[in-house]
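quick check, what structure comes out for this input:
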Amino acid sequence: MTGGGSAARVSLPGVRAPGAGFDEPFAMLDACHERVRRSLDLLERLRAYLPDKGCDDSARQAARDVLRYFDIAAPLRHEDLTIYPAARAVLDQEKERAMGAEMAQRRGAGSALSKT
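Coordinates of the predicted model:
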């Protein structure tokens, strides 16, 4: 029922680390949400598995994997503390560049008018 993989700082079966870092905050958020979806998918498969197979070793391991993800790894991915500040920094830099370009354009237009 489970696969292999690793998460940043915490090794969890079936859970891989995001392919993006803090320099790509929206891609990182997507990767985190994908891990949540995979954990929920495993939980759904476990729910369907139990009536036919019962609580065997495979089911117990899947349940442990889901619980461990939501108890340990998911809290480490708190967007308010990690992703949103990085996203704001990127957006603020883009906004600053856009404002600087607009000001330069206005200065250029003003100097062209003063030469006429």
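
phi, psi of residue 54?
With angles defined as degrees, to the nearest 10, residue 54 sits at phi 80, psi -170.

change the start of the numbering to 768 and stick with it
Got it, first residue is 768 now, which makes that one residue 821.

and the next helix or strand past the lowest-mean-pLDDT helix or strand in the chain?
Across the helices and strands of the chain, mean confidence by mean pLDDT, DSSP states H and E is lowest for helix 841-843: a mean of 68. Sequence order places helix 850-881 as the next helix or strand after helix 841-843, per DSSP states H and E.

quick one: average pLDDT of that next one?
The pLDDT scores in helix 850-881 average 72.

so which elements touch it?
On a contact count with 3 or more C-beta pairs under 8 Å, 6 or more residues apart in numbering; DSSP states H and E, helix 850-881 meets helix 792-820. Heads up, the C-betas are built off the backbone N, CA and C, glycines and all.

ok, then the element right after the helix it packs on?
helix 824-835.

kindly calculate the angle that that following helix makes with helix 792-820.
150 degrees (axes from the mean of the first three to the mean of the last three C-alpha atoms, to 10 degrees).

flag every buried residue along helix 824-835.
Buried residues in helix 824-835, counting neighbours by 16 or more other C-beta atoms under 10 Å, are found at 826, 829-830, 832-833, 835.

now swap in stretch 835-843 and tell me
By neighbour count on 16+ other C-beta under 10 Å, the buried set for stretch 835-843 is 835-836, 840-841.

since that was my last question, I'll sign off now.
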